[in-house]
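[1] just coords:
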């Protein structure tokens with residue numbers, strides 16, 4: 001692994017992680033602002049219906065509005081936390097990203113389905129943030145890891161392998 005590819009991989013990991021941190025923080029702020037702001041007339045009936053629809057879950061009585069808000073804030077917290085955890089690992093144990101692909105595959109395995117769901121169900125902001133994260137983690141995966149041996153000139157992969 002060259003210094004350039006190591007730096008490129010590190011920067012891509014950081015970009016993907018920061019995109020998750022920002023997505024989680026922005027989402028939490030939007031939810032908080034939305035619950036504190038006056039309810040638009042077009043949304044009022046839906047919120048009232050959700051606030052008066054009770055659901056018993058494991059013996060607890062909750063309204064659909066409580067569940068909607070709770071799920072949304074929990075999602076924001078976990079997205080923020082995943083990004084923050086990635087930044088911590090990148091700072092304190094960078095070999096987990098630079099010497100292996102496992103953490104990057106895990107990140108992509110989480111972010112890619114979230115991106116697909118966002119494309120199908122959400123407005124542009126989560127699509128943008130998750131798209132940046134997926135692109136960054138994908139780019140980092142395409143860079144050689146620190147454990148990838150340098151291949152001699154003329155080396156080719158394939159069923160026969162070896163040198164040309």
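    Okay, I see it. Just so we're clear, the structure is a prediction, and the values are computed from it rather than from any experiment.

[2] so what touches stretch 93-112?
    Contact partners of stretch 93-112, identified using C-beta atoms under 8 Å, 6 or more residues apart in numbering, comprise 1, 6, 9-10, 13, 16, 20, 82, 86, 89-90, 130, 133-134, 137-138, 140-141, 145-147. Every C-beta, even on glycine, is put in place using the N, C-alpha and C of the backbone.

[3] same question for stretch 35-53.
    By C-beta under 8 Å, 6+ apart, the residues outside stretch 35-53 that reach it are 63, 64, 65, 68, 69.

[4] 10 Å - rerun?
    Here stretch 35-53 makes contact (C-beta atoms under 10 Å, 6 or more residues apart in numbering) with 34, 62, 63, 64, 65, 66, 67, 68, 69, 72, 73.

[5] which of the residues in that stretch are buried?
    For stretch 35-53, the neighbour count (16 or more other C-beta atoms under 10 Å) marks residue 47 as buried.

[6] centre of the chain to that stretch, how far?
    29 Å (C-alpha atoms, centre = their mean, to the nearest Å).

[7] could you do stretch 7-20 as well?
    Here stretch 7-20 shows a centroid-to-chain-centroid distance of 12 Å under the convention C-alpha atoms, centre = their mean.

[8] quick check: mean pLDDT of that stretch?
    Across stretch 7-20, pLDDT averages out at 96.

[9] ok, back up a step: in strands, which of the contacts of stretch 35-53 fall?
    Among the contacts of stretch 35-53, the members falling in strands (DSSP state E) are 62, 63.

[10] now do the longest helix anywhere in the chain: distance to the chain's middle.
    Using DSSP state H, we find that the single longest helix of the chain is helix 3-36. Centre-to-centre, helix 3-36 and its host chain are 8 Å apart (C-alpha atoms, centre = their mean).

[11] after it, next one along is what?
    helix 41-52 (DSSP states H and E).

[12] now do that following helix against helix 3-36, angle only.
    Between the axis of helix 41-52 and that of helix 3-36 there is an angle of 80 degrees, by axes from the mean of the first three to the mean of the last three C-alpha atoms, to 10 degrees.
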